[in-house]
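[1] no letters, just coordinates:
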């Protein structure tokens, strides 16, 4: 196993849903066990926006995601290494997954050259030129010491032609070979990433090739980039059939509550997304009925919590009218309060998912959840995503 | 006594410094006892920026300040009343002092007319026209239910002529008479405000007149507005001689750590200022050696806490290098971490001041503190203050 010489690091599936592909598992890392299916809040720069490590623990987070591209540019890996690694730098004692930054290099930075040896890009912060190679990305992640690391991958845009996607799949494979070879750190898992755009047969081919290299887990990358949900799920379904049963499966950048419920039914074990924290800062709070916009006038006189069923600090403590007031005044405190609520909502959702897989009622739970949870209109969702992506590019990559 | 029919509400001086005017006291309110000298963090809009009520308690805050002008405009006093009062709205169970908004009307809003009956102004938020009378300001504060309330006062700019200041003093007196008469709420203290600009004899006259009305405490307003420190302290010294020994004395809008130590030696019991929280959000962290700017390059590799002597959550948990990184990335979490540190610094300072008054070593403490605490250069301080005041006017009155 790639780098996983320590026995403590392993994955096991402990239960399966009889009606869907959902599975219950335990992902054991050097920094603790992650019960799966699990959702990872995004802390690209070594901080889940607005929350302390204590608050992450309090709401039930088991693993967080950070990002090599962002941390390499700021503060620099030397500073994190000097602090004793990423866990000590950000004072999060639980498991961490670092993403390789492949997606950021191809979407956020100004790309200069890409070839089989690596990629040259300009920083979105100051325009300085940098080179990432598969080997360097592994080394950076070994030095930062996350529990799960990702290889550099070539992530084509959702508008890419079939030729463009074929090239990205080939390159991602060659980089995977180089990454697999250079990874040495014991106790640190290295996952493979499956690319292949929206072409099911390319996805399957990519999955088989990546699996043949023998990684500790498999990620599906390059989805949730603006394509329709039905296309995304058919790609996921085709890909999963080519992934080994005994390894964890990670659907990168997904997603919303309804997407996670759907993804679990396809046999996905790990999810990450900036959505819950990002929309919280815009005043969109998750409830079982869907997102509620706390800035709307109907919350002005709302004396009860935003979600009376929620056990988070925000809902236990403050009336919705107070949150509404703080949002209208742009008060710092409210970004935290809203984030606590949304992350706790995601953790309660994952707890419920795991419970229902365990007692084999997940299919009913999925049906009930999706019938009561009002999904954000697809057209609006795509428009918001595009707006956010272009805003992120304009705003120094503040894309968590 | 004005409104203080309940026995629980009273003030007593329990010790005096033999070498300075410093005094130790207990201010008992319906929501708890405030050991004095005390520093009140500013939460103009019903939130001390970036902190929860629990964090305020954790760092040792005994009383907070909110502001009628801000809360009247947003969310509106009806909403606060409906929530059960300001304590319940902002979920702060300890004592609250509300400032009348006199200062804001004369500095932040667009003033339209002022006469003996009150003041007409335009909101700094949307330009809407409003009228404050002394009676209305008392009523608004009775409805919000703070433990200590302030009457409407006429606060002239520091550049005002002697005639302008005389007029403001006269008007403040007439408004004080009207406020005193209309205040009815039991268990709620009403303080009088002494104006008089930088003219010691006007201050003394104002103090004697306001004291003759019999308030529950006395505030010195209209200072720390850009005048030199030596002028300010001579005005304070002259004013305090005209205030009764047995009532609490409150120096409004002051201040910095060094100002508070100085103010205590003049016999001041209560202070409030947005300085510790505001400068925290700009990266200036208090230490016994003075303010440290965490954004400076020397903190890049700083593995220990900003202030190894500090017991706050921030210093107990994070290396300075992490705070430096978060500031450089403009990450939300750091505004809270820096605020926690600065407020805790103020609370530790107040604890130390009270201890040394109690064991009669305050004069030595003052000398030691002022010799090691490097004060921000006066010229830079005045320039920063002016910059901040003009910025506050441009930025929707975000002047906490």
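    Arrived safely, thanks for sending. Note that the structure is predicted; figures quoted are calculated from it, not measured. Numbering: from 1, shown residues only, chains lettered A, B, ... in the order given.

[2] mind listing what the closest residue to chain B within the stretch 151-300 of chain A touches?
    Distances between the stretch 151-300 of chain A and chain B by CB to the nearest CB are smallest at residue A:300, namely 6.6 Å. Where you see a C-beta, it was placed from the backbone N, CA and C, and this is true even at glycine. By CB atoms under 8 Å, 6 or more residues apart in numbering or on different chains, the contact list for residue A:300 reads A:321, A:324, B:75, B:79.

[3] max pairwise distance over those residues: which two?
    Farthest-apart pair in those is A:324 and B:79; separation 8.8 Å (CB to CB).

[4] for the residue of the stretch 51-200 of chain A found nearest chain B, what are its contacts?
    Closest residue of the stretch 51-200 of chain A to chain B, CB to the nearest CB: residue A:75 (4.1 Å). Listed by CB under 8 Å, 6+ apart, the contact partners of residue A:75 are B:300, B:321, B:324, B:325, B:328.

[5] just residue A:8 next, same as before
    Applying CB under 8 Å, 6+ apart to residue A:8 gives the contacts A:28, A:29, A:30, A:187.

[6] how is the residue of the stretch 51-200 of chain A closest to chain B assigned, secondary-structure-wise?
    coil (DSSP: H, G, I helix; E, B strand; the rest coil).

[7] picking that back up, so which of residue A:324 and residue B:79 has more stuff around it?
    Set residue A:324 next to residue B:79 and count neighbours by other CB atoms under 10 Å in any protein chain shown: residue A:324 wins out with 25 against 20.

[8] just the pLDDT for the closest residue to the more buried one other than its chain neighbours.
    Take residue A:324 and drop its neighbours on the chain: the residue closest to it by CB to CB, 6 or more residues apart in numbering or on different chains is residue A:299, 4.1 Å away. Residue-level confidence at residue A:299 comes out at 97, pLDDT.

[9] pretty sure residue A:299 sits against residue A:322.
    No - using CB atoms under 8 Å, residue A:299 is not in contact with residue A:322; the gap is 9.7 Å.

[10] spit out the contact partners of the closest residue to residue A:351 other than its chain neighbours.
    Closest residue to residue A:351 apart from its sequence neighbours, by CB to CB, 6+ apart: residue A:60 at 7.0 Å. Each residue near residue A:60 by CB under 8 Å, 6+ apart is listed here: A:344, A:347, A:348, A:351.

[11] can you redo those as a markdown table with pLDDT and secondary structure?
    Converted to a markdown table, the contacts of residue A:60 look like this (pLDDT from 0 to 100; DSSP: H, G, I helix; E, B strand; the rest coil):
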| residue | pLDDT | secondary structure |
| --- | --- | --- |
| A:344 | 98 | helix |
| A:347 | 98 | helix |
| A:348 | 98 | helix |
| A:351 | 98 | helix |
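
[12] sketch out the low-pLDDT regions of chain A for me.
    Along chain A, segments meeting pLDDT under 70 span A:1-7, A:378, A:380-400.

[13] closest to the centroid, which residue in it?
    Note on chain A: the residue nearest the mean C-alpha position is residue A:272, at 1.8 Å, using CA atoms, centre = their mean.

[14] pretty sure residue A:79 contacts residue B:301?
    Yes - with contact defined as CB under 8 Å, residue A:79 and residue B:301 form a contacting pair (6.4 Å).

[15] intersection of neighbour lists for those two?
    residue B:321.

[16] can you list the residues of chain A near chain B?
    Neighbours of chain B within chain A, by CB under 8 Å from any CB of the partner chain: A:45-47, A:49-53, A:74-75, A:79, A:82-83, A:89-91, A:300-301, A:303, A:313, A:317-319, A:321-322, A:324-326, A:328-333, A:335-337, A:398.

[17] swap the cut-off to 6 Å and go again
    With CB under 6 Å from any CB of the partner chain as the criterion, chain A meets chain B at residues A:45, A:47, A:49-50, A:74-75, A:79, A:83, A:89, A:91, A:317-319, A:321-322, A:325, A:329, A:331-333, A:335.

[18] tell me the contacts of the residue of chain A most remote from its centre?
    Within chain A, the residue lying farthest from the chain centre (CA atoms, centre = their mean) is residue A:301, at 35.8 Å. Residue A:301 makes contacts with residue A:321, as judged by CB atoms under 6 Å, 6 or more residues apart in numbering or on different chains.

[19] perfect, that will be all.
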